Every structure is written in structure tokens, then in C-alpha cells.
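Colleague: build the 3D model from these lines:
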Amino acid sequence: MGPERRPPAKLTHRLGARILDVVTLTWVLFFVLVEVDQRLLGGDPWGQRPLQIDLTEARPLLLTILVIGLYETVPVAAKGATLGKVLFGLRLVSSERRNPLPWPRALARTLVLYGAPVALGAYGGTVLLVLLASLALPATGRGLHDRLAGSIVVVAEGKQEDHE
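Modeller: Numbers count the residues shown, from 1 in each chain. Predicted coordinates:
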């Protein structure tokens, strides 16, 4: 079955992949912000001082943006899938031709999905709820972040039988 014939992914599979991605990304962010930023760059290699992660400071915010960009944008642009999508048998492709998503569009999708919630701080949860609600509104199950980036999550080639 060619890429143009792959069916859109089910909402349950997309949510499962996103939950796995968020858990993985949280763990990686925690490691980077605590072990790299606080212990190595913060000058507390033995952990004597209490941890103080303040995302309003430039260095932790920059590290957060870099980690999110590396985790989400690079694998999506390179292979069409994050860890969660791979494990759930999904791929992210261009909605028009069902080709791999180009780098600029993968970055735009990441910025909408993660950038707005991070930038808005306390109001970021509201943005996440709007993005989640946008998944259920259209018949295709494409969220606002997918519609803005011109992408769609489909069942990976060879995984159709797992998603029926």
C-alpha cells in the first residue's frame, strides 16, 4: 500500500503515542535541566544545593526549547515519527501528497504544539486543551497543529493490520 493510501490514524493511537512522547520528553527534559543545567552548568556537581529550575531564566528556557526541538522536529522531519509514533505504528506525513513532512513544516508543527504552551506559562494548559479538543472536531482527526502545518498522522506502512 503506497503512502497516498495509508489511512489516517485512529484518535486512540494518536493519543497513546502523544502520551508516550510527553512522558519521554518530560524525563529527558528533567535529566537535561537537572543533571546538565543544574549540576554541570550550575556549578553544583555533587547536588549539595536544592534544585531551582526557573524557566524564566535564559539558560533553562533555551535548553527546554532545544530539547523539545530535537525530540520532536528532528525525527519527524528525518523519518516522519517520534518515539511514540514509532511504537504505535504511526507516521506523520504531508496532508497533500502524503510525502515526508519538510523541515520547516515539522518545525512549525512543533512550535504550535509545544511552543505556545511553553511561551504562555500558566495559560499553556488552556492552549493544550484547545489543541486536544481540535483533534475531535474534524472528521479526519487532524488537530489544529496538524492543520496549520499541513500534516496528517497516518498508519505506518506495513502496520495497517495492527490498526484495524
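
Colleague: touching stretch 22-33 from outside, list them.
Modeller: When contacts are defined by Cβ atoms under 8 Å, 6 or more residues apart in numbering, stretch 22-33 is touched by residues Ile53, Pro60, Leu63, Thr64, Val67, Ile68, Tyr71, Glu72, Leu83, Gly84. C-betas here are computed from N, CA, C, even on glycine.

Colleague: what about the residue nearest the centre of the chain, distance to Leu129?
Modeller: Per Cα atoms, centre = their mean, the C-alpha nearest to the average position across the chain is that of Glu72, at 4.5 Å. Distance of Glu72 to Leu129, computed by Cβ to Cβ, to the nearest Å: 19 Å.

Colleague: distance from stretch 144-153 to the middle of the chain?
Modeller: 12 Å (Cα atoms, centre = their mean, to the nearest Å).

Colleague: and what of stretch 72-79?
Modeller: On Cα atoms, centre = their mean, the centre of stretch 72-79 falls 10 Å from the chain's centre.

Colleague: one step back: excluding its backbone neighbours, what's nearest the residue nearest to the centre of the chain?
Modeller: Among residues not flanking Glu72 along the chain, Thr110 sits closest, at 4.4 Å (Cβ to Cβ, 6 or more residues apart in numbering).
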